[in-house]
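**Student:** Structure for the following, please:
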Amino acid sequence: MTEALTPRSAVLAEKLFAEGLLPADGPAEGSLESGPAVSPDVPGANDVEAAVHAIADRSRQAARRMARANRAWKDRGLRAIAAALLERKSGILAANAKDVAAGKANGTSAAMLDRLTLTDARIQGLAAALENLANLPDPVGNVVRGQTLPNGLRLRQVNVPMGVVAAIYEARPNVTVDIAGLGLKSGNAVVLRGGTAAAATNAALVTVLRDALDSVGLPADAVQSVDQYGREGANALMRARGRVDVLIPRGGRELIQSVVTNAKVPVIETGEGNVHIFLDASADQEMAVEILLNAKTQRPSVCNTVETLLVHSASTVLPAVAAALRAKGVTLHTDERIRAALPASVDSVPATDEDWATEYMDLDLAVAMVDSLDDAVKHIRTWSTGHTEAILTNDLGNAERFIAEVDSAAVIVNASTRFTDGGELGLGAEVGISTQKLHARGPMGLTELTTTKWIVQGEGQIRA
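**Tutor:** Presented below is the predicted three-dimensional model:
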């Protein structure tokens, strides 16, 4: 990487490299071509590039067929996948158990193991999400705008599929199903690189997905993987300009920035989630405790979990909030003013600048005291990754100012940050949460996997 890694990010980078998702340090700093190219049983780099190109070309052919599929056909595919996941659940869980066992043996963090693990309930959740997608309107063909010009030309701007959508992600087998489902409903073909940590699970899932598509007459090549080609397969995917229409990285900062920096294909940057909650002086204690427990402890390994709590100096609810968080095992990284305001029964550790910048993805929370809404917004502007920020308040004016002045993909008032999620926001699922501003921002669902086409219909008009 071109920038120095903090101790926490250095540890994460080392683990990502072990999974084959990040390059080794080498002469081409930050290049995904540095380090060992492929494992001994994988073809050489030139052969890998040719193989990945062939996969992308098959995806292009599949995408052309998918673009012609009507909603009923695509929905049959989604329901077939949902049914197949449940029918073949035991095989998927067995494959996942191998990945989880290997992760534990390799010292994988608890947060990453949580993302890696599939359970009966999580597979049922994936199947339910596919059913929800089938019930959503088809974005393809949606008229964005249209008009008839004075010369009689009839104009329509309509949503059309992207084409070939690639994704690179880490230890998240649920993403395999989410992206495949969203790609199917939006008329795209997907090419996946899910990383070594989830190799067995992803292989099992891709087989189920392809078989289900084939069973309803949709092209199996609408879902393909380059996992078999290791790190060099990911590199080749990023270089496949003209064959891949868009690439979406999903994971930690090092993975995302490596893809953004090195890819030759268009990239939608998804976000590291350094998420903030501002506890205003007027916030209700019961609501604050309930929301913060949910935002921090429900599933700490995901990107919409709160990582920094900002407390107004006039607030009286800090002791109750801090005690509740500690009771749930949360380590509080506090500034001097917070430590002074905490009761002796609530312990904490001193915070540093590294804590304000850290996406813990664990039971850790940075806590700072601020004297005003302006100070809270200033802190967020300094340290935020642009993912999600929330305010807990009973002051309507402060809520409206917070909404207007905080520039993140999602801004929440009096609710948990865990709602920044495609499924929770009614999108059915998500391919990721974009923190950039071009094309897509926030949770990316069906519409975000489409682009637009202008259709102009005339009756012999010529331009004067």
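
**Student:** mind listing the helices for the stretch 1-150 of the chain?
**Tutor:** Applying DSSP state H, counting those that start in this stretch to the stretch 1-150 of the chain gives helices spanning 7-18, 45-68, 71-87, 89-105, 110-116, 120-135.

**Student:** Out of these, flag the one nearest Ser258.
**Tutor:** Evaluated with C-beta to C-beta, the helices of the stretch 1-150 of the chain place helix 7-18 nearest to Ser258, the distance being 8.5 Å. The C-beta positions use only the backbone N, C-alpha and C, and glycine is treated the same way.

**Student:** wait, Asn294 sits on Ile412?
**Tutor:** No. Judged on C-beta atoms under 8 Å, Asn294 makes no contact with Ile412 at a distance of 11.9 Å.

**Student:** Who has more neighbours out of those two?
**Tutor:** Ile412 (24 against 17; other C-beta atoms under 10 Å).

**Student:** Using CSV, list the CA coordinates for whichever helix or strand that one is part of.
**Tutor:** Applying DSSP states H and E as the criterion places Ile412 in strand 410-413. This file holds the C-alpha atoms of strand 410-413, laid out as CSV (Å, rounded to 0.1, in the frame of the first residue of the first chain):
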residue,chain,number,x,y,z
ALA,A,410,-26.7,7.2,5.3
VAL,A,411,-27.7,9.5,8.1
ILE,A,412,-30.0,8.1,10.8
VAL,A,413,-32.1,9.8,13.5
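
**Student:** Which parts of that strand count as buried, going by neighbours?
**Tutor:** Residues of strand 410-413 classed as buried by neighbour count (16 or more other C-beta atoms under 10 Å): Ala410, Val411, Ile412.

**Student:** export those residues to TSV and tack on distance to Asn70?
**Tutor:** As requested, these are exported to TSV (distance: C-beta to C-beta, whole Å):
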residue	distance to Asn70
Ala410	33
Val411	37
Ile412	37
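
**Student:** Tell me the one of these nearest Val367?
**Tutor:** Nearest to Val367, judged by C-beta to C-beta, of those is Ile412 at 18.6 Å.

**Student:** For Ala83, see how far away that closest one is.
**Tutor:** 35 Å (C-beta to C-beta, to the nearest Å).

**Student:** Ok, Leu118 next?
**Tutor:** As judged by C-beta to C-beta, Leu118 and Ala83 stand 17 Å apart.

**Student:** Among these two, which residue is more densely surrounded?
**Tutor:** In terms of neighbours (other C-beta under 10 Å), Leu118 is the more surrounded of Leu118 and Ala83; the figures are 24 against 15.

**Student:** Spit out the contact partners of the more buried one.
**Tutor:** Applying C-beta atoms under 8 Å, 6 or more residues apart in numbering to Leu118 gives the contacts Ile92, Leu93, Asn96, Pro173, Asn174, Thr201.

**Student:** pretty sure the first one is in contact with Asn202, am I right?
**Tutor:** No. Using C-beta under 8 Å as the test, Ile92 is too far from Asn202 to be in contact (10.1 Å).

**Student:** Please, where are all the helices along the stretch 151-300 of the chain?
**Tutor:** Using DSSP H, counting those that start in this stretch, helices in the stretch 151-300 of the chain cover 173-185, 199-215, 230-238, 253-262, 285-297.
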